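Engineer: Need a 3D model of the sequence below.
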Amino acid sequence: MKDPILQGNEIFNDILSQHPQHIVNLTDAKNLLCEIIKESNKSVLVDFISCGGWDHLTGVEIDIEHNLLYLIDENYKSEDNTSLNVKTGCVIKFKELIHFYNSRTSAIFLRGYTFKKKEIEKHFSRNSKFNFNNEFNDNFSKAFKSIKTDIVEELVVYNTPIYSISILPFDTYYNAYSMSQNLIFEMNFLVCNTFLKETKTKLLDAEKNDEDTICEKINTGRRHFEFALKIECCLIAAKVPVWNYEGVKELKFPNEYCNLTFGDLVKLIKPYVNENLGSIHNKIVRDSNLLSHDSGYPIVHSYAVETISLMIDYVSQIEKIIYQRNKLIARYTSNFKDKKEENHSEIVRLSKFLNKNDILPKNIL
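Structural biologist: Alright, predicted model coming up:
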């Protein structure tokens, strides 16, 4: 049996090569994760987009009726009451699993649907004593404790519809927490930019006088860009304490993620973006509004293409910022030495790991 600490990436490679890279079926996702747990003897790195992580994964449970996926951290008998089980972990309303693997590193990403606070309470408070743990609630998740007759559940619900959880082998190049967290953000931006580029391709194919198609593609691009802005808000909220933003306070969402409007996002991001990103951002907002609404101005094909191009450039610059941060961390972390060149420390962009033809299947967003 392979050592999950020293040969974890080989274990991941062996298993992931036998599964589709994109999984939307809840049972299939559970089966893959259970294989990883079994072959790794529970020794994997589980990291979250908000903060913290685990150095093991005890189990996986699913609720098919409600489409819930549970990752179990601990499951043990209560010291105070031996007839009472205590279960800790996290849960998402499952949307999809995506993974990649190669000789350098491997990763699994999990994404859920929106799960509003009222919906969480309604579902998990059935036949139990229920309360939210507000100390651990943030922009990404809601923590709660539920006490039933035979079990106490202390769970965190990752309730934003983005890739919010990664599962990595121990010998990954990303086993410093801040780097694995950055990897989750990078995956979200990479997915978003993939679909912006696809939208641009379709827009270029449109007839220059076909106003309906031009407006339709701009609206699609605007929707994907809105997703990017939401991810950027999450990035800022996570990184303000550690990326040395000057003269700004911690970002807090005024509404639940799913209720944030395009205008809300623009206002939230404005204090944090640098001058270059800010100028691109302002032009995108102005031009996409003109092209998306009945403004009375001509619908010009070249303006629409330029607007989508600016969206792609904006997201690419954020990806570059994350990449540069990872390189900075790598300088001080011995684990990231290239295995072929012991004196050379290197971090490669996520996009260079991925099979560009099939790693991001259609309809992910």
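Engineer: Any figure for the gap between Lys30 and Tyr76?
Structural biologist: Counting by Cβ to Cβ, to the nearest Å, the gap from Lys30 to Tyr76 is 21 Å. C-beta here means a position set from N, CA and C on the backbone, and glycine is covered the same way.
Engineer: In terms of helices and strands, where is the residue lying closest to Trp54 once chain neighbours are set aside?
Structural biologist: Spatially, and ignoring its direct neighbours in sequence, Trp54 is nearest to Val46 (4.3 Å; Cβ to Cβ, 6 or more residues apart in numbering). Secondary structure assignment for Val46, by DSSP states H and E: strand 45-48.
Engineer: Does the closest residue to His19 other than its chain neighbours lie in a helix or a strand, and which?
Structural biologist: Nearest residue to His19 in three dimensions, chain neighbours excluded: Leu32, at 5.0 Å (Cβ to Cβ, 6+ apart). Using DSSP H and E, Leu32 falls within helix 26-39.
Engineer: quick one on the thing from earlier: and the strand holding Val46, which residues are buried?
Structural biologist: Under the neighbour-count criterion of 16 or more other Cβ atoms under 10 Å, strand 45-48 has 45-48 buried.
Engineer: from the residues you listed, which is closest to Leu26?
Structural biologist: Val46 (18.3 Å; Cβ to Cβ).
Engineer: neighbour count winner among Lys30 and Tyr76?
Structural biologist: Higher neighbour count among Lys30 and Tyr76: Lys30, with 20 against 10, using other Cβ atoms under 10 Å.
Engineer: Read off the pLDDT value for the more buried one.
Structural biologist: If you check Lys30, the pLDDT there is 98.
Engineer: Ramachandran coordinates for the residue nearest to Leu68 when sequence neighbours are not counted?
Structural biologist: Excluding the flanking residues, the one nearest Leu68 by Cβ to Cβ, 6+ apart is Val91, at 5.6 Å. Note on Val91: backbone dihedrals following degrees, to the nearest 10 are phi -150, psi 140.
Engineer: ok, now which ones touch Val91?
Structural biologist: 68-71, 155-158 (Cβ atoms under 8 Å, 6 or more residues apart in numbering).
Engineer: make it 10 Å
Structural biologist: 61-63, 66, 68-72, 112, 115, 120, 123-124, 141, 144, 153, 155-159 (Cβ atoms under 10 Å, 6 or more residues apart in numbering).
Engineer: Those, buried ones only, as a PyMOL selection?
Structural biologist: To isolate the buried members of those in PyMOL, using 16+ other Cβ under 10 Å:
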select buried, resi 62+68+69+70+71+72+112+115+120+123+124+141+144+153+155+156+157+158+159
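Engineer: Show me the contacts of Val91 that map onto helices.
Structural biologist: Counted as lying in helices by DSSP state H, out of the contacts of Val91, are 120, 123-124.
Engineer: Out of the residues you listed, the closest to Phe136 would be?
Structural biologist: When the ones in helices among the contacts of Val91 are compared against Phe136 (criterion: Cβ to Cβ), the nearest one is Ile120, at 13.5 Å.
Engineer: close enough to count as contact, that closest one and Asn133?
Structural biologist: No: using Cβ atoms under 10 Å as the test, Ile120 is too far from Asn133 to be in contact (12.0 Å).
Engineer: Give me the common contacts of those two.
Structural biologist: Joint contacts of Ile120 and Asn133 (Cβ under 10 Å, 6+ apart) are 142, 144, 155.
Engineer: For the first one, which residues are in contact?
Structural biologist: If I follow you right, that is Lys142. If you count contacts by Cβ under 10 Å, 6+ apart, Lys142 has them with 115-117, 120-121, 124, 132-134, 136, 155-159, 256.
Engineer: again, but for the last one
Structural biologist: Taking Cβ under 10 Å, 6+ apart as the contact definition, Leu155 lies against 70-73, 87-91, 120, 124, 133, 141-146.
Engineer: Pull up the per-residue confidence for it.
Structural biologist: Per the predicted model, pLDDT is 94 at Leu155.
Engineer: List the beta-bridge partners for it.
Structural biologist: Gly89, Phe144 (DSSP bridges).
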